[in-house]
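S.K.: Would you be able to build a 3D model of this:
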Amino acid sequence: DKFDAASDLAKIFFLQNSNIETLDFLAKTLYLSKKYQEALYWAEKLIEATNNNPSALNNKGLILLKLNRGEECEKVFSDLLKLGFDPPSSKLNLSVALCSQGKFQEGKKVLYSIEKDLKKGQSIGTNGEGLYYNMGWHMLHDGKFKEGMSNLIRNKKLIGHDNHQFSKPLFDKFIPGKTLLFSPEGGAGDEMLNVRFCKMAKEHGMKTIFASNHKLQHLFSRVPFVDHSISYNDLKDYNFDYYVPMMKAAVYLEASEKDVRVDNYLSASPVFSKKHQLKGKLKIGIRWQGNPLYEQDLSRSIPFHLFEQITSLPNASVYSLQKDTGLDELLSNPKITDLSSKMETWEDTAGIIDNLDIVVTSCTSVAHLAGLMGKRTLVLLPAMYYYIWAWNTEDILWHNKNLTIIKQPIVNTWEKSMEKAVSIIKEEYL
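M.R.: Below you'll find the model as predicted:
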């Protein structure tokens, strides 16, 4: 909201005093408020006004990254490198642009060349955390779990937002009988994924408290290795001896691949399963986009019209698991039942999923909820995907065999991915 207000103010400044400074301010505030298409328009105006100033070109490249226009972005940062503009940062952004197109080996080669620049005394400044995050991603892709996670958590902007201040010490070793708090970070899906590390603490004789920032405490109360599942707002009522930031638990607890691989641990309340009984022979839940404020939402969102292939399947009753955003698109396909009004809480959503046969979704919290409930789940992924999917094998490290990932075979196109999903449904259910 504050960035929206700033971008509105920037427009007023620009109208009152049209110059390069206000134009630059306008483009940057639109970028920060995630109005990327509008930001690109003004960034290009700034490039014209400054006669291809490298800093203005850099801003355009960053916007193109958010718009998932990897090929154009690749050209911008390649040109900046030729101009000698901030080589470490330009290489980092070029690496991301390459990976966004599925060119992982090329991106990795560029990324690791940055170390040579740093050894020569060049600085990467505030982009250092991004360097380590991307190196961590590639390590995970190469099957190096501990090294990858250790690098990932060095980027505080991308791995969690641990702004909590506690008087109790940070976890450094397992002490039987003591209580360990898992403090909240990241989104709802991140909480669902990382609650698994409470199991390690329990196995070493510790008691566990998991504090949720996303109203998931009732869902987690049924996880067998969580002693107390609470809202973070209620933490003052609980005593603990140590804490660990939830998304960094894998590193601080020194988790191995074996510790990540656990049986599905989420479940629906019988009360809510009964409440949300659904009709149909083959009940399919779908979700095509997540939170639009997520920086990579444009790359992970699936065009709604492609789900028509699923509604055309024999005996299929298709239910939308979309909530808050994207609901207007449902008007174009009356064959899909809108359940958004029923999804008042996570308990409702879990109860609905429990009554489905299969879920087809983009990479959202619904994917993790369905997968960790043991529901048959198909997750369609963009060319560059979240770190938990980076494990480059047929086996999925963070999920079990009831969940299948379908990666984009062609960048920025979802047709083949949806065809694969439909093929799986036909093979398994029809």
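
S.K.: quick one: contacts for the spatially most central residue of the chain?
M.R.: Against the mean C-alpha coordinate of the chain, by C-alpha atoms, centre = their mean, the closest residue is residue 386 at 5.4 Å. By C-beta atoms under 8 Å, 6 or more residues apart in numbering, residue 386 lies in contact with residue 363. Where C-beta positions appear, they are placed from N, C-alpha and C, glycine not excepted.

S.K.: ok, now with 10 Å
M.R.: With contacts defined as C-beta atoms under 10 Å, 6 or more residues apart in numbering, the neighbours of residue 386 are 137, 189, 190, 193, 294, 296, 300, 363, 367, 398.

S.K.: Can you tell me the number of residues neighbouring the first one?
M.R.: Residue 137 sits with 25 neighbouring residues when counted by other C-beta atoms under 10 Å.

S.K.: For it, what is the enclosing helix or strand?
M.R.: helix 128-141 (DSSP states H and E).

S.K.: helices or strands up against that helix?
M.R.: helix 87-99, helix 104-119, helix 145-152 (3 or more C-beta pairs under 10 Å, 6 or more residues apart in numbering; DSSP states H and E).

S.K.: would you list those in a markdown table and tack on mean neighbour count and distance to residue 347?
M.R.: Formatted as a markdown table, the helices and strands packed on helix 128-141 follow (neighbours: other C-beta atoms under 10 Å; distance: least, C-beta to C-beta, whole Å):
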| stretch | mean neighbour count | distance to residue 347 |
| --- | --- | --- |
| helix 87-99 | 24 | 37 |
| helix 104-119 | 16 | 39 |
| helix 145-152 | 20 | 31 |
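
S.K.: Relative to residue 318, which of these is closest?
M.R.: helix 87-99 (33.3 Å; C-beta to C-beta).

S.K.: Give me the angle between that closest one and helix 128-141.
M.R.: Note on geometry: by axes from the mean of the first three to the mean of the last three C-alpha atoms, to 10 degrees, helix 87-99 and helix 128-141 are set 40 degrees apart in direction.

S.K.: State the mean pLDDT of helix 87-99.
M.R.: For helix 87-99, mean pLDDT is 93.

S.K.: tell me what it is packed against?
M.R.: Partner elements for helix 87-99 (3+ C-beta pairs under 10 Å, 6+ apart): helix 54-66, helix 70-82, helix 104-119, helix 128-141.

S.K.: redo that, cut-off 6 Å
M.R.: helix 70-82, helix 104-119 (3 or more C-beta pairs under 6 Å, 6 or more residues apart in numbering; DSSP states H and E).

S.K.: least reliable of those going by mean pLDDT?
M.R.: helix 104-119 (a mean of 88).

S.K.: quick one: contacts of that helix?
M.R.: 87, 88, 91, 94, 95, 98, 99, 134, 138 (C-beta atoms under 6 Å, 6 or more residues apart in numbering).

S.K.: Out of the residues you listed, which is nearest to residue 235?
M.R.: residue 134 (33.3 Å).

S.K.: check contacts around the closest one.
M.R.: So residue 134 contacts residue 111 (C-beta under 6 Å, 6+ apart).

S.K.: hmm, 8 Å instead?
M.R.: 92, 95, 96, 99, 111.

S.K.: Report the separation between it and residue 192.
M.R.: Residue 134 sits 24 Å away from residue 192, going by C-beta to C-beta, to the nearest Å.

S.K.: re the thing from before, so which of the helices and strands packed on helix 87-99 is nearest residue 48?
M.R.: Between residue 48 and the helices and strands packed on helix 87-99, the tightest spacing by C-beta to C-beta is seen for helix 70-82, at 15.0 Å.

S.K.: from the chain's centre, how far out does the closest one sit?
M.R.: 25 Å (C-alpha atoms, centre = their mean, to the nearest Å).

S.K.: Can we start the residue count at 40 from this point?
M.R.: Happy to do that; since the first residue is 40 now, the last one works out to helix 109-121.

S.K.: what's the angle between it and helix 126-138?
M.R.: Going by the same axes, to 10 degrees, helix 109-121 makes 160 degrees with helix 126-138.

S.K.: who touches helix 109-121?
M.R.: Counting by C-beta under 8 Å, 6+ apart, 93, 96-97, 99-100, 103-104, 125-126, 129-130, 132-133, 136-137, 139-140, 422, 450-451 sit against helix 109-121.

S.K.: do the same with stretch 341-353
M.R.: 321, 323, 325, 327-328, 355, 357, 365, 368, 371-372, 374-375, 399, 401, 419, 453-454, 456-458, 460-461, 464-465, 469.

S.K.: so what's residue 381 up against?
M.R.: With C-beta under 8 Å, 6+ apart, residue 381 has these contacts: 315, 387, 391.

S.K.: Good, we can wrap up now.
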